[in-house]
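Student: generate a structure from the sequence data that follows.
(chains A, B, C and D)
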There are 4 protein chains.
Amino acid sequence: MTKPRQPIRSELGWSTPERIVVRGRDLPGEILGHLNLGDMAFLELTGKTPGPSESKLFNAMVVTLVEHGVTPSALAARLTYLGAPEAMQAAVAAGLCGLGSVFVGSTEGVAKMLSETLDIETILSQKRVPGLGHPLHKPLDPRTVRLFEIARETGFYGKYCKTMEEVAKRKNLTLNATGAIGALACELGLDWRAVRGLGVMARAVGLVGHILEESRQPMAEEVWLRIEEEASKHLKP
Amino acid sequence: MTKPRQPIRSELGWSTPERIVVRGRDLPGEILGHLNLGDMAFLELTGKTPGPSESKLFNAMVVTLVEHGVTPSALAARLTYLGAPEAMQAAVAAGLCGLGSVFVGSTEGVAKMLSETLDIETILSQKRVPGLGHPLHKPLDPRTVRLFEIARETGFYGKYCKTMEEVAKRKNLTLNATGAIGALACELGLDWRAVRGLGVMARAVGLVGHILEESRQPMAEEVWLRIEEEASKHLKP
Amino acid sequence: MTKPRQPIRSELGWSTPERIVVRGRDLPGEILGHLNLGDMAFLELTGKTPGPSESKLFNAMVVTLVEHGVTPSALAARLTYLGAPEAMQAAVAAGLCGLGSVFVGSTEGVAKMLSETLDIETILSQKRVPGLGHPLHKPLDPRTVRLFEIARETGFYGKYCKTMEEVAKRKNLTLNATGAIGALACELGLDWRAVRGLGVMARAVGLVGHILEESRQPMAEEVWLRIEEEASKHLKP
Amino acid sequence: MTKPRQPIRSELGWSTPERIVVRGRDLPGEILGHLNLGDMAFLELTGKTPGPSESKLFNAMVVTLVEHGVTPSALAARLTYLGAPEAMQAAVAAGLCGLGSVFVGSTEGVAKMLSETLDIETILSQKRVPGLGHPLHKPLDPRTVRLFEIARETGFYGKYCKTMEEVAKRKNLTLNATGAIGALACELGLDWRAVRGLGVMARAVGLVGHILEESRQPMAEEVWLRIEEEASKHLKP
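Tutor: Just a heads-up that it's a prediction; the model follows:
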């Protein structure tokens, strides 16, 4: 065996025949029946069990990102399931692969930006401010309105939210849900490097829903046949 | 454009400038602040908002599957992140790709089996019964004990659980957590085709946790360097 | 560090500051400029450098699988690229995830079946024989005709090909390209466990082509917008 | 059905019952038996059949990237295969997901940079020049030496290669294989947006080789067990 150069350590969990401990909590005794799935995500990302206010806000943020209808990501998952129905995990994986800079990355962009500065002029001087604008929801994104309402109720509406609202106003653009969630992640003290992960975990939930629907009421084959025919029609003799 | 052969329909959601509706519920008004992430998953998979008992049990089942320490799936995600830190969604996707027949599929296997028969002799006559046995947790898996306790509290301990317990007893094997969750999925009336998805969505949460830890306290490069050196040592001059 | 239980060994390659050796060959001196990409794949899968006949046949087999137009797999890759253009490797990965039992797996099925038996009655007694039938190419698949022509030229047309041709005739079905390639893989002595990999590697080449086309002449956004609108139209007020 | 906003077109291929045409060539008649896998990749990326010189150089470039031993990408593929051996396409996909900015992206970085400027002072003024440096191969990368030798033989050693060699000399760093391949991609007139794809397609070939080896001579389980034990040892009672 080769010489270790560095120790290899993870703090996330361990088990013995009788015990299973995750993030320092006894899984059966302290987690199961006590934490919901959003709370468990909070524990994974922060090492702390959320209090009731944190739980309410964090769950709302993640729940917002679960289901956005027939997105490119949902279509990719459904088309993958069509070819490999025995491997639905790979269909979910295919759907997640597209959660990059265009659709979900803006949440991360907002959190990173706000972690670096809260100065509005500095933010406005950027070529493109993430978290602003929406093709459909104008002038207000109803998710932002509701998330900030919950933030106020739970005492987490603070400087990050205010900054984004001011920036949106100055730019005359909608503060969209990813912008609100990026700001709220900062209010909760989440590391910006985890923030894209909120969308990734939420969408994994939603994609399982799409694949279940696809198994009962399929659309992928029809999408394929239509598009294939149209795409090559101009080439055929 | 090509002629449509079949209608394309999804019941999962829709939006207009003012409204966003998921599974027939107004997202801002009826879901955000009301449903936690596990409840939202339940809604996605069943079309129903869970009651308090369903919520407690379903969340416990999914939470059980979030974090299993440094699994092959977590390692695959971390090694992927090492090469493409700008695309953490792809690292989570890589981790999910391995949730197949060996590690997570058994949950689905149990749910499918119990959907088809509850006859113990028929089950025992199978070459390999899914959901039984554990390398570490013997004779009892503490997660199964706790999940069935919650099932009793919430009124969902029923014929599917009893059948699996009897089968485990007759086989003299541990009823492991995937076996318990497969049975409980049947108690909740979930479609067996959605059951592998419970593990997939839960593990997506856990993998985001691993990637965040990897970004702060990395192990992937060390794993790679050690293994590469050992794997090729016998070939080198 | 933990105690090793088993040795970890790979025979695929090693390097020192001056040398890079792959499968026992000096990469710069014996491989680069000498082996084409198909030959290199043959070396990876068999440990042998192909002779001219093997090279011609194997390359033809793999080339057959590169480009099948706008398949579900190509669509999944393009839709993924739409969301994460900075991670084109993940778009190719998403496209590959769907190469399962429905579309590409049949090549593996044929090779596995023929590795187990060449008895035609045994094969005909199976509920579903892989490699037969095609929605478009009837009664002959022009790729099969050409691949078997190359097999005859190169001296590899043998008992596996004959068996599949006889089975197709008895079933009155087209021997499709995946059936031909499965048989030819056996003629070349490839391990059936590598045979699905022929389609996977070939399609990776084709998917890069699709993503390049998508970057210049996009279709993914239009596909998404059309399908999303149609899928939710019946739900909207 | 919804109103099309834009035409959907692909130039890559089409078929009728009798014919299959890829990139304007008859697949059975003009491609199979005539083009090797690297030539087919060249056709996919450029729309042109390579001449003998282009074929030799392009195949050498891609072959260089097939097998780099037990890389993070190969480990991710093997660990994925451990959990889902029935879905080897997903294991290859998992391996590809990590071909991002750290390991394979530099090829793209070089091609993009050289497409924008050949001015050495401009290049040297960048904070980090891609394609330079290697932890093991110093002062020369034997693959670069050989690839440039082939480039000279085939008449493709030109201004892009010279620029990278001069930059490496001025920086006193190894011109590594990804740097050489990025420059050669420019010499061949490839679009820089396709260049990361060279590594992706090549590595797909190599990953199939790793998975075949894993199926015969496994290492993934041992890697997992060792790392898991070490990673959590400090937490256990």
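Student: element containing the residue nearest to the spatial centre of chain A?
Tutor: The centroid of chain A falls nearest to A:Gly199 when counting by Cα atoms, centre = their mean (0.9 Å). Per DSSP states H and E: A:Gly199 is located in helix A:195-216.
Student: quick one: buried residues of that helix?
Tutor: Of all the residues in helix A:195-216, those buried under the rule 16 or more other Cβ atoms under 10 Å in any protein chain shown are A:195-214. Any C-beta I mention is one placed from the backbone N, CA and C, and that applies to glycine too.
Student: and the angle for it with helix B:195-216?
Tutor: Angle, helix A:195-216 to helix B:195-216, by axes from the mean of the first three to the mean of the last three Cα atoms, to 10 degrees: 160 degrees.
Student: could I get helix A:195-216 in CSV with only the CA atoms?
Tutor: Output of helix A:195-216 as CSV, limited to C-alpha atoms (Å, rounded to 0.1, in the frame of the first residue of the first chain):
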residue,chain,number,x,y,z
VAL,A,195,-26.2,27.5,-2.3
ARG,A,196,-26.3,26.0,-5.7
GLY,A,197,-26.8,22.8,-3.8
LEU,A,198,-30.2,24.1,-2.6
GLY,A,199,-31.5,24.0,-6.1
VAL,A,200,-29.8,20.7,-6.8
MET,A,201,-31.4,18.9,-3.9
ALA,A,202,-34.8,20.5,-4.5
ARG,A,203,-34.8,19.6,-8.1
ALA,A,204,-33.8,16.0,-7.4
VAL,A,205,-37.1,15.8,-5.5
GLY,A,206,-39.0,17.4,-8.4
LEU,A,207,-37.3,15.1,-11.0
VAL,A,208,-38.4,12.0,-9.2
GLY,A,209,-42.0,13.4,-9.5
HIS,A,210,-41.5,13.9,-13.3
ILE,A,211,-40.1,10.4,-13.8
LEU,A,212,-43.1,8.9,-11.9
GLU,A,213,-45.4,10.9,-14.1
GLU,A,214,-43.5,9.8,-17.2
SER,A,215,-43.9,6.2,-16.2
ARG,A,216,-47.7,6.7,-16.1
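Student: quick one: is stretch A:208-217 near chain C?
Tutor: No: on the criterion Cβ under 8 Å from any Cβ of the partner chain, stretch A:208-217 is out of touch with chain C, staying 10.1 Å away.
Student: okay, and for chain A, where does confidence drop off?
Tutor: Where chain A drops to pLDDT under 70, the residues are A:1-3.
Student: all helices of it, in order?
Tutor: A:37-46, A:52-64, A:72-83, A:88-96, A:105-116, A:120-124, A:142-153, A:159-171, A:177-187, A:195-216, A:220-232 (DSSP state H).
Student: mind listing what the residue lying closest to A:Ala204 once chain neighbours are set aside touches?
Tutor: Leaving aside its sequence neighbours, A:Ala204 sits nearest to B:Ala204 (Cβ to Cβ, 6 or more residues apart in numbering or on different chains; 3.4 Å). Neighbouring residues of B:Ala204 by Cβ atoms under 8 Å, 6 or more residues apart in numbering or on different chains: A:Val92, A:Leu96, A:Val200, A:Met201, A:Ala204, A:Val205, B:Val92, B:Leu96.
Student: just the C-alpha atoms of stretch A:167-185, please, in CSV.
Tutor: Extracted in CSV, the C-alpha atoms of stretch A:167-185 (Å, rounded to 0.1, in the frame of the first residue of the first chain):
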residue,chain,number,x,y,z
VAL,A,167,-30.8,46.8,-6.4
ALA,A,168,-33.9,45.5,-8.1
LYS,A,169,-35.7,48.8,-7.7
ARG,A,170,-32.7,50.8,-9.0
LYS,A,171,-32.4,48.5,-12.0
ASN,A,172,-36.2,48.4,-12.5
LEU,A,173,-36.2,44.7,-12.7
THR,A,174,-38.0,41.9,-10.9
LEU,A,175,-36.2,40.4,-8.0
ASN,A,176,-36.8,36.8,-8.9
ALA,A,177,-37.0,33.7,-6.7
THR,A,178,-33.3,32.8,-7.2
GLY,A,179,-32.4,36.3,-6.1
ALA,A,180,-34.5,36.1,-3.0
ILE,A,181,-33.2,32.7,-2.1
GLY,A,182,-29.6,33.8,-2.6
ALA,A,183,-30.2,36.7,-0.2
LEU,A,184,-32.0,34.5,2.3
ALA,A,185,-29.2,32.0,2.3
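Student: spell out whether it and chain B are in contact.
Tutor: No: using Cβ under 8 Å from any Cβ, stretch A:167-185 never reaches chain B; the gap is at least 9.0 Å.
Student: quick one: that stretch to chain centroid distance?
Tutor: Distance, stretch centre to chain centre, for stretch A:167-185: 16 Å (Cα atoms, centre = their mean, to the nearest Å).
Student: tell me which residues of it come out buried.
Tutor: A:167-168, A:173-185.
Student: so of those residues, which two are at opposite extremes in space?
Tutor: Based on Cβ to Cβ, the longest span within the buried residues of stretch A:167-185 runs between A:Leu173 and A:Ala185 and measures 20.0 Å.
Student: A:Ala231 against D:Gln6, yeah?
Tutor: No: using Cβ atoms under 8 Å, A:Ala231 makes no contact with D:Gln6, being 11.9 Å away.
Student: quick one: which of those two has more around it?
Tutor: More crowded of A:Ala231 and D:Gln6, by other Cβ atoms under 10 Å in any protein chain shown: A:Ala231, with 24 against 12.
Student: reformat the contacts of B:Ala204 as JSON lines; add distance to A:Asn36.
Tutor: Output for the contacts of B:Ala204, formatted as JSON lines (distance: Cβ to Cβ, whole Å):
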{"residue": "A:Val92", "distance to A:Asn36": "21"}
{"residue": "A:Leu96", "distance to A:Asn36": "22"}
{"residue": "A:Val200", "distance to A:Asn36": "19"}
{"residue": "A:Met201", "distance to A:Asn36": "13"}
{"residue": "A:Ala204", "distance to A:Asn36": "16"}
{"residue": "A:Val205", "distance to A:Asn36": "13"}
{"residue": "B:Val92", "distance to A:Asn36": "21"}
{"residue": "B:Leu96", "distance to A:Asn36": "21"}
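Student: circling back to that earlier point, what sits against the residue nearest to the centre of chain A?
Tutor: A:Leu65, A:Leu99, A:Val104, A:Thr107, A:Thr178, B:Gln89.
Student: understood, closing this out.
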